[in-house]
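> Requesting a structural model of the entry that follows:
(one chain, ligands or ions: 1)
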Amino acid sequence: MKKLILLFSILTLLFSCQADKPDSAFKLWYDEPAVEWEEALPVGNGRIGGMVYGDPQREQIQFNEETLWTGEPHEYQHPGAYQYLDTIRQLLFAGKQLEADRLAMQNFMSIPLRQKFYQPFGDLIIEMVDLNETTDYHRELDLDEGMARVSFNSDGYQHHREFWVSYPDQVMAARLTVNGKRKLNFDLAFNSAHEGFVVEGNEDGLSLKVKVQDGVLKGEALAWIHECDGIITIKENHIQVRDASSALILLSAATSFRDYQNADASPALACQNSFQDLKDKNYKTLRKDHLKDYKNIYDSFSLDFGKGKDSLPTNERILQFWKNPDDPSLLALYAQYGRYLMISSSRGDGQPANLQGIWNPHIKPPWGSKWTVNINTEMNYWPVEATGLEDCLNPLFKLIEECAESGKKVAQEQYRARGWVLHHNTDIWRGTAPINAANHGIWVSGGAWLTTHMWEHYLYSGDKDFLLNRAWPVMHGAAQFFVDYLVEDPVSGWLVSGPSNSPENGGLVMGPTMDHQIIRSLFRACIEASEILEIETDFSDTLSAMLPRIAPNQIGQYGQLQEWMTDIDNPNNHHRHVSHLWGVHPGYDITWEQKELMEAAMQSLNQRGDEGTGWSLAWKINFWARFKDGNRAYKLVHMLLSPAEHPDRKIRGGSYPNLFDAHPPFQIDGNFGGTSGIVEMLIQSHNNEIQLLPALPDALASGSITGVRARGGFILDFSWKDGKLTNLKLMSTIGGNCTLRLGSYSVQFDSEPDTRFYFDGKLNMK
Ligand code: FUC
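You can find the predicted model right below:
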């Protein structure tokens, strides 16, 4: 390895990461109101989400509250299923897949077979009275401020609307102003997709009561006019606002969900409390507190690829990008949008971002708007560590911890194994047993994969308390399950996983490659964690002894990485899942140090082809970034950012006018996977080194990034021009060793906690 001696001027400054504000406007904008839901603009605070349509005459905000689900507290394990485990395995070892599947369907599946659905809550309707023709229409989502805005003229008066959902105050806010006395006149009402919903005006405002059809949960929302200079009249089922020039509407919403085992909370009380708590808080303070909270997270990271077609409305921009993928600032916008969506859908003690984040208008949503964990939920959280969104992680970790509790019963009852297991889906009741069908439901690595996110959090933060108190218990339990569950393959003698499947491809099998990559990674993480924490060395010894016995990655007849134990891959299979490449990304079971395996993985990806659903395209961006092929990664970005619905575009995945990822239908994973992929092209920090510009595409030859995080507690700002690094600032938060790589050059150095290193710009690091 060539070494370049770099001059670093080492300044020991008190650590603080300050990102420069990007100079280009990070806005999605339109010159027409939304008609379709996928044109409306999302706002959210992690718990309450809204989709703002921006119609001048009839403003509609379709809203959700993250805990409104069908169902009730329930345990899903199949009593006595363990008695069939061995027979299912023997049938699979004997090549009798159909029989194994049948037996599993009868005796091994979750009870009931399906999990529950996330629900929409209602619509807040602002119906204008006496509004004449409108001109100069503008609608935008301002990512820098976490707000949606609408403006237009009518009768010579300017109307402005601003929408946000406050995390500190836990309410949705809509502020309407007109620059003319008494020109703001509207009725405020509710609508809902739930049968039998009730709307009532009371002394505080307007309440909406809903109850889900299939289940026990009730929801209540309260909307009130918080500040207004007009006349407010609360009617039986709406609120009239007349002769005003400004009005601030607040909306609070809650459900009877308390936690996954209890559904006895009082939503009415929660709304009342919110109303009372905010009584003395004025518009300015509410807005200021939102901005402070939001910007504190959002501003920690910035991205600039130079100019693009910001002057085009975003829907038009997507269309143009498809025709000519030359719009660098669209990629920066897309990446920041991913961060915005994460901040807006995953905060505090709440639920993590589900398949649709928190934004769902359907009573029967696609795939239940649940947490599918054979790719989707994990993909949601891929960009979080690197782009400074630590504040969004707790909901995911809480879900993992709760699944570790419910999954213990499934491990016991279905596998007679210690530890815990989560199959390919979970819902708000923390179902962990195999659902839907044996051929994809019996997949055992969901929990193990998720726990790697906790290990990764330790790697990024160096937080040993977190490692000991939160990560270790669930990692230990996930690994313990596999200690009991792995079996010896009678042919090869390797330890294999099974019954399981290579997600959604090929049915029930023994020994899918993906499982082994995940289990190996989990075991390695546990061994390392036990060393760092100096605990459970016996357990760690057990894992160390098993590790080399787990079936290895294998190269097959077409030069491909085998998806299964046997060499049965079909080179013409263009399945959207590419699970056996987990070891390339997000894992690093396979790196360039094993060149042959890396090339086999690349061969597999070529055979799968470029096309796919939204999340599949997004995953492929990340793969090609790890393969260090920036232009190929960019090709996938091009596909992901092209219009989802266009008569001349024949491929599936893409983006809707509001830049929501199209599976289709809308699924948010592609937004997050795309964000992660864009960052992976610029910096990677797995495999014990920080690689700068590992897969820079020609289309992004110049740019800069600030506040990007790397494993080992490093935070970097750097810029590049014509494909060459021009500037680098590296901050170490926790001290330690660092290897920095640019192309074939690398440099190593030690750092003290809270130090900054500046790259001397005179040395051209190429
Ligand atoms: C997995 C994928 C589907 C979809 C669903 C929610 O089952 O195979 O494409 O994303 O999750």
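> CA only for contacts and neighbour counts going forward, please
OK.
> I'd assumed D293 was in contact with E145.
No - using Cα atoms under 8 Å, E145 makes no contact with D293, being 10.1 Å away.
> so which helix or strand takes in D589?
Using DSSP states H and E, D589 sits in no helix or strand.
> My read is that it contacts I519, right?
No - D589 is beyond contact range of I519, at 10.1 Å (criterion: Cα under 8 Å).
> These two: who's more crowded?
Neighbour count, other Cα atoms under 10 Å: between D589 and I519, I519 has more, with 24 against 19.
> Need the phi and psi values for the nearest residue to that one once chain neighbours are set aside.
Nearest residue to I519 in three dimensions, chain neighbours excluded: A448, at 6.9 Å (Cα to Cα, 6 or more residues apart in numbering). The phi/psi pair for A448 (degrees, to the nearest 10) reads phi -60, psi -40.
> coming back round to it: more neighbours: E145 and D293, which one.
Counted by other Cα under 10 Å, E145 and D293 do not tie: E145 has more neighbours, with 18 against 13.
> In which helix or strand does the more buried one reside?
Counting by DSSP H and E, no helix or strand carries E145.
> ok so, going back, okay, now the residue nearest to I519: neighbour count?
Neighbours around A448, by other Cα under 10 Å: 28.
> what about it, distance to S461?
20 Å (Cα to Cα, to the nearest Å).
> Report the buried residues of stretch 599-608.
By neighbour count, and taking 16 or more other Cα atoms under 10 Å as the criterion, the buried residues in stretch 599-608 are E599, A600, A601, M602, Q603, S604, L605, Q607, R608.
> Now those in TSV, please, with extra columns for pLDDT and secondary structure.
Shown next, in TSV, are those (pLDDT from 0 to 100; DSSP: H, G, I helix; E, B strand; the rest coil):
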residue	pLDDT	secondary structure
E599	98	helix
A600	98	helix
A601	98	helix
M602	98	helix
Q603	98	helix
S604	98	helix
L605	98	helix
Q607	98	helix
R608	97	helix
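> Closest one to V212 out of the residues you listed, please.
R608 (41.5 Å; Cα to Cα).
> residues touching that closest one, list them.
P571, N572, N573, H574, H575, R576, V578 (Cα atoms under 8 Å, 6 or more residues apart in numbering).
> if I look at it, how far off is G630?
18 Å.
> now swap in M510 and tell me
Relative to G630, and taking Cα to Cα, M510 is found at 36 Å.
> where along the stretch 251-400 of the chain do the strands fall?
For the stretch 251-400 of the chain, the strands defined by DSSP state E, counting those that start in this stretch occupy 302-304, 371-372.
> average pLDDT for the shortest one?
Meaning strand 371-372. Regarding strand 371-372, the rounded mean pLDDT is 98.
> So what are the structural domains in the chain, by residue number?
10-18+698-759, 32-69+117-299 (automatic domain parsing).
> Quote the end-to-end distance of the last one.
So that's domain 32-69+117-299. Distance across domain 32-69+117-299, first residue to last, is 29 Å (Cα to Cα).
> which helices and strands does the helix or strand encompassing A545 pack with?
Element membership for A545 (DSSP H and E) is helix 537-546. Applying 3 or more Cα pairs under 8 Å, 6 or more residues apart in numbering; DSSP states H and E, one finds that helix 537-546 contacts helix 513-533.
> Identify each buried residue in the helix it packs on, please.
513-527, 529-530.
> do stretch 452-462 as well
Buried residues in stretch 452-462, counted by 16+ other Cα under 10 Å: T452, H453, M454, W455, E456, H457, Y458, L459, Y460, S461, G462.
> With just CA atoms, put it into CSV.
Extracted in CSV, the C-alpha atoms of stretch 452-462 (Å, rounded to 0.1, in the frame of the first residue of the first chain):
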residue,chain,number,x,y,z
THR,A,452,-26.4,-4.6,13.7
HIS,A,453,-27.9,-1.0,13.6
MET,A,454,-27.2,-0.8,17.3
TRP,A,455,-23.7,-2.1,16.9
GLU,A,456,-23.2,0.4,14.1
HIS,A,457,-24.4,3.2,16.5
TYR,A,458,-21.6,2.2,18.8
LEU,A,459,-19.1,2.3,16.0
TYR,A,460,-20.2,5.8,14.9
SER,A,461,-20.5,7.2,18.4
GLY,A,462,-18.1,5.2,20.6
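> what's the distance between it and the middle of its chain?
Centroid separation for stretch 452-462 versus its chain: 16 Å, with Cα atoms, centre = their mean, to the nearest Å.
> tell me the average confidence for it?
The average pLDDT within stretch 452-462 is 98.
> ditto for stretch 38-58
Per-residue scores along stretch 38-58 average to 98.
> Ok, stretch 169-176 next?
98.
> Give the buried residues for that stretch.
Result for stretch 169-176 [16+ other Cα under 10 Å]: buried residues D169, Q170, V171, M172, A173, A174, R175, L176.
> what's near enough to touch the last one?
Listed by Cα under 8 Å, 6+ apart, the contact partners of L176 are H159, H160, R161, E162, L184, S246, A247, L248.
> Checking the second one next. Helix, strand or coil?
Okay, so that is H160. Classification of H160 by DSSP: H, G, I helix; E, B strand; the rest coil places it in strand.
> pretty sure L141 is in a helix, no?
No - membership of L141 in a helix is not supported by three-state DSSP, which gives strand.
> Next one: it from M147, what distance?
For L141, the distance to M147 - Cα to Cα - is 6 Å.
> ok, L188 - contacts?
Contact analysis of L188 by Cα under 8 Å, 6+ apart lists L124, I125, I126, E127, H238, I239, Q240, V241.
> so where is the chain shaky, pLDDT-wise?
1-24, 760-766 (pLDDT under 70).
> what sits against the residue located most distally from the centre of it?
Centroid-distance maximum for the chain: K181 at 44.6 Å, with Cα atoms, centre = their mean. Taking Cα under 8 Å, 6+ apart, we find K181 in contact with D243, A244, S245.
> name the element it belongs to?
Using DSSP H and E, K181 falls outside every helix and strand.
> separation between it and V150?
Counting by Cα to Cα - K181 and V150 are separated by 19 Å.
> repeat for F186
F186 is 16 Å from V150, by Cα to Cα.
> One more: Q158?
According to Cα to Cα, Q158 stands 11 Å off from V150.
> more crowded one of those two?
Neighbour count, other Cα under 10 Å: between Q158 and V150, V150 has more, with 26 against 17.
> dump the residue contacts of the residue nearest to that one when sequence neighbours are not counted.
Leaving aside its chain neighbours, V150 sits nearest to R139 (4.4 Å; criterion: Cα to Cα, 6+ apart). Listed by Cα under 8 Å, 6+ apart, the contact set of R139 reads W29, Y30, D31, E32, P33, G54, A148, R149, V150, S151.
> ok, the spatially most central residue of the chain to A34 distance?
By Cα atoms, centre = their mean, the mean C-alpha position of the chain lies nearest to N380, the distance being 1.9 Å. Here the criterion is Cα to Cα. By it, N380 lies 26 Å from A34.
> so which of the buried residues of stretch 599-608 would you say is closest to P365?
Distances from P365 to those, taken by Cα to Cα, are shortest for R608, at 28.6 Å.
> ok so, going back, nearest to A268 among the contacts of R139?
Distance to A268, by Cα to Cα, is smallest for A148 among the contacts of R139, at 27.7 Å.
> Kindly state the beta-bridge partners for the closest one.
Bridge pairing for A148 (DSSP bridges) gives the partners L141, F163.
> now it: how far from D661?
Taking Cα to Cα, one finds A148 at 19 Å from D661.
> Looking at these two, which is more packed in?
D661 (31 against 27).
> The nearest residue to that one once chain neighbours are set aside - how many residues pack around it?
Spatial nearest neighbour of D661, chain neighbours left out: S655 (4.7 Å); criterion: Cα to Cα, 6+ apart. Applying other Cα under 10 Å, we find 27 other residues in the vicinity of S655.
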